[in-house]
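In: Got a sequence here, can you model it:
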Amino acid sequence: MATNTPSASDEIVDALCSFATQLSYDDIPAETIETAKLRLFDSIAVGLLSLEEDPVRRLISHSATKHGSEEASILGTDRDASLEYAAFANAGMIRYLDWNDTYLTAEAAHPSGNIGAILAAGEANGNTGREILLATVLAYEVQCRLCDLASFTGNGFDHVNYGLASVPLAVGRLMGLPEAQLKEAVSISLGGHLGLLQARQVPLSEWKSFAFANAARNGVVAAELAKSEIRGPSQIFTGTYGIESVVDDTLDPSELALGDGFLLDETHLKRYPICHHILSAIDCVTEITDETDLQPAEIDAINVETYDIAIRATAGEGKWRPTTRATADHSLPYCVARTIIDGTIGPSELDEHRLSEDDVVELMDKIDVHHNESFTEAYGDSFSHAMTITTDDSEYERQVEYPKGHYKNPLSRVDVADKLRHHSTCSTAAVTNLQESIDELDDASDVGSILRAASRIGDEF
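Out: Numbering: from 1, shown residues only. Here you go, the predicted structure:
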């Protein structure tokens, strides 16, 4: 029997849902809207590039068997699925290559995973382009502010869990849910679906890439349940066994600072499809090799200095002999060695058949990685690596604080377009069409032009 008994108040849920309800398109600065468009372009681009990957094809095939009263397109294809499974497939595609954006403070995030759910919900609900952009800014703001507040991963839970708050709020806003139902959606989503950090332990599997997609699916379902007046658990953050008991028992709602600037503007894009903590090292390599005729066979030793999180995430046990693609893109020694040998690190350089090639294994064994305390102290503001490559008669040194793609050293629209142009067979005209459809989103009556442009690119693969 239904009950009208109100849930006990939760100040964090109250703050998140009040912000989600009150935020308007006119509150968002023009430069943030343009950044949101670039994030949409980048997310769709790297999602489309994943269409050739077998795990993504299997995810799409599975999702396309799921149907319901509300359906949406699977990005880059002519296939539809129920809203929650279209969100799952879209978000999985965007995340799979580890080429989408990053936010790193107390907790890590790849917030563009939200876009997979936003595109599906925006299509299913017939939302305007401005509503899509608003939902995107909202999702980023919620997830990134929660990342600033406390860490899941320090306590054995996966960082994707903050998406269990951002997705139902963004999707719920697109559905037109009132504030009371948004609160239930967040509580249902977080209360039933916390993922474990075991998903990111070596050897990493394809689930590393699909974990946020699963959170997106669960967030969509939570919004749908709330719309049907299903009630969630009370005090999901502040209750006796709420999120506080998992991450931090001193969470302060006043520290959320929602809308105090928009953190979407402080997210980072990636030039290469690898862990963010390796990007500065790759920039060191390319700066050296672009200016010299350095040959791998000449190298005697490679010394890398970096911050502690980079060492733990990319140079620890299991990272020196990666056996899966998902481990290789989080292996500093593999990515550095492969870039020296091939001149770049892209999807083909991460093919599992190439991970144990003799030349890359030999070069990995010449790499030493050391902690630099000053780099650790500056972590969050900068992501520094220093590299020294020694040969018989020379020594090459470089230091990079802000990798290309960092919001202080940003990728351009051309750089994002180059991901598609250089790593697929799609035409320049198709890429331009997608780019233009996103540029014009704030005047669009729906998201159809973007989905059609994405499908045209998918057809060319």
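
In: phi, psi of the residue positioned nearest the centre of the chain?
Out: Of all residues in the chain, the one closest to the mean position by Cα atoms, centre = their mean is H110, 2.3 Å from it. Dihedral pair for H110: phi -120, psi 80, per degrees, to the nearest 10.

In: Wait, it touches L104, no?
Out: No. The criterion here is Cβ atoms under 8 Å, and H110 misses it with L104 at 10.1 Å. For the C-beta atoms, the positions are set from N, CA and C on the backbone; glycine is no exception.

In: And the strands in the protein, which stretches?
Out: Secondary structure of the chain by DSSP state E: the strands cover 71-73, 80-82, 103-104, 108-109, 299-306, 367-371, 385-391, 395-400.

In: Nearest to W320 among those would be which one?
Out: strand 367-371 (8.5 Å; Cβ to Cβ).

In: For the closest one, which helices and strands make contact with it?
Out: Strand 367-371 sits against strand 299-306, helix 308-314, helix 332-342, with contacts defined as 3 or more Cβ pairs under 8 Å, 6 or more residues apart in numbering; DSSP states H and E.

In: now for the last one, which elements pack on it?
Out: The contact analysis (3+ Cβ pairs under 8 Å, 6+ apart) places helix 332-342 against helix 279-291, strand 299-306, helix 308-314, helix 358-364, strand 367-371.

In: most packed of the ones you listed?
Out: helix 279-291 (a mean of 22; mean count of other Cβ atoms under 10 Å).

In: Check the offset of it from the chain's centre.
Out: 24 Å (Cα atoms, centre = their mean, to the nearest Å).

In: Let me see the mean pLDDT of that helix.
Out: Across helix 279-291, pLDDT averages out at 97.

In: tell me the angle it makes with strand 395-400.
Out: With axes from the mean of the first three to the mean of the last three Cα atoms, to 10 degrees defining the directions, helix 279-291 sits at 130 degrees from strand 395-400.

In: For the helices and strands packed on helix 332-342, give me a markdown table that also has distance to P273.
Out: Conversion of the helices and strands packed on helix 332-342 to a markdown table gives the following (distance: least, Cβ to Cβ, whole Å):
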| stretch | distance to P273 |
| --- | --- |
| helix 279-291 | 10 |
| strand 299-306 | 20 |
| helix 308-314 | 14 |
| helix 358-364 | 17 |
| strand 367-371 | 20 |
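
In: mind checking which of the ones you listed is nearest V202?
Out: That would be, of those and by Cβ to Cβ, helix 308-314, which comes in at 10.8 Å.

In: quick one: average pLDDT of the closest one?
Out: Mean predicted lDDT for helix 308-314 stands at 96.

In: How about stretch 319-329?
Out: Computed over stretch 319-329, the average pLDDT equals 95.

In: can you check stretch 418-429 too?
Out: The model assigns stretch 418-429 a mean pLDDT of 94.

In: May I have the beta-bridge partners of the closest residue in space to N303 that isn't next to it in sequence?
Out: Distances taken as Cβ to Cβ, 6 or more residues apart in numbering place T388 nearest to N303, at 4.5 Å, with adjacent residues excluded. Counting by DSSP bridges, T388 is bridged to N303, E397.

In: quick revisit: just tell me which of the helices and strands packed on helix 332-342 ends up closest to A8.
Out: helix 308-314 (36.6 Å).
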